[in-house]
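[1] Here's a sequence, model it:
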Amino acid sequence: MNKSVSIIIPAYNEEKKLAPAAEMVLDRLSGNNISDFEIIIFNDASTDKTGEVADKLAEKYSQIKVVHNPQNMNLGYNITRGFRMAAKEYVGFVPGDNETAPESLDNIFGALGKADIIVPYIANYEVRSWGRRVLSKTYIKIINTAFGLKMRYYNGMCFFKTSMVKKVPVSTFGFAYMTEILVKMLKSGAPAFEVPMAVLVRERGATKAFRMKNIVSVFKTFLTLFWNVQILKKRIELA
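    Sure thing, here's the model as predicted:
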C-alpha cells in the first residue's frame, strides 16, 4: 500500500539533537519507502537555538514545517495540536531528543496500514531504573484492569489514523494525554496493532513522572476517563 504519514517532532532546548533526530526520521521514512509525508516540528519556546535549527531544517526540506510556541506548552499540547494540523492518512510523533532507536521507527512505519492504531511497547525494560519499571508496569495493570483492555504500553510513540484521532476530545495535556486518547479510541472500537520499541538509556535528566503535580494530574485524568468511558459508557463515532 502507499503509506501517507504526518510526523510531529516536539522539541524543547534540543539545539544539538533536533537536526540528527529529524535526519534520522527522514532516513527511516526513505528506508521504508514512504515518500508521502510531512514533518511538523514544534519549537516549544526553547531558550537555546532550537528554533533556528528547526527553521534551517524547514529551509532544507520542503516537507518540514515549524511551529514556534510563544510560551512553553509541554509535550501533550504539542502532540495533540499536531494531530489537529496533520494532513496525511496517519499521524504520530517522534521526540526531538534523538533518543529513538532507528529500528523502533522501522517497526512503526512497517506496521502502518495494519490497524487504525499502531502502539509501540517497550521491549527492553531492563534499561530503565527499578522504580520506573515498577511504576510503569503498575500503571499499565491499573489501566488494563479498569477498562478491560490488554495493552502492553500506553505512553509510547503511537501512530493513529488521522481522521479518527482528530475526533477524540482531549481533556489533559499532562502525562496521561496519550492514555486518554488510546482508551477512548480502543473502547470505541478502533483496532490496534502493537510493535516492539527499544528504549535508549537517557543521556540527561531524570524522568518527571515522579513529580507530585504529575501524579495528581494523572490520577485526575484517570478518574474522569473512568467515569466517562466505564460509568457513562461514552463512545466516539470514529468511522
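
[2] doesn't A21 make contact with E14?
    Yes - using C-beta atoms under 8 Å, E14 makes contact with A21 at a distance of 7.3 Å. C-beta: built from backbone N, CA, C; applies to glycine.

[3] And the two? Which one has more around it.
    Using other C-beta atoms under 10 Å, the more surrounded residue of E14 and A21 is E14, with 25 against 21.

[4] and that one, that's in a strand?
    No - going by DSSP: H, G, I helix; E, B strand; the rest coil, the assignment for E14 is coil, not a strand.

[5] which helices and strands does the longest helix along the chain pack with?
    Looking across the chain with DSSP state H, the single longest helix is helix 130-147. Helices and strands touching helix 130-147, by 3 or more C-beta pairs under 8 Å, 6 or more residues apart in numbering; DSSP states H and E, are helix 177-187, helix 212-226.

[6] How about residues contacting the last one?
    Around helix 212-226, the neighbours that count as contacts under C-beta atoms under 8 Å, 6 or more residues apart in numbering are 139, 142-143, 146-147, 171-172, 174-177, 179-180, 183-184, 208-209.

[7] Buried only: go through those residues for me.
    Neighbour counting with 16 or more other C-beta atoms under 10 Å marks Y139, I143, F147, T172, G174, F175, A176, Y177, T179, E180, V183, K184 as buried within the contacts of helix 212-226.

[8] which residues sit in contact with M178?
    G76, I79, Y154, N155, G156, C158.

[9] Tell me how many other residues surround the second one.
    Each residue near I79 was counted by other C-beta under 10 Å, and the total is 25.

[10] Let me see the contact set for it.
    I79 touches I8, P10, F93, Y177, M178, counting by C-beta under 8 Å, 6+ apart.

[11] just for this protein, where's the confidence low?
    Residue ranges of the chain with pLDDT under 70: 1, 201-210.

[12] quick one, what contacts the most centrally placed residue in it?
    The residue lying closest to the centre of the chain (C-alpha atoms, centre = their mean) is M157, at 3.7 Å. Residues near M157 by C-beta under 8 Å, 6+ apart: G92, F93, V94, P95, T100, S104, I108, P120, M197.
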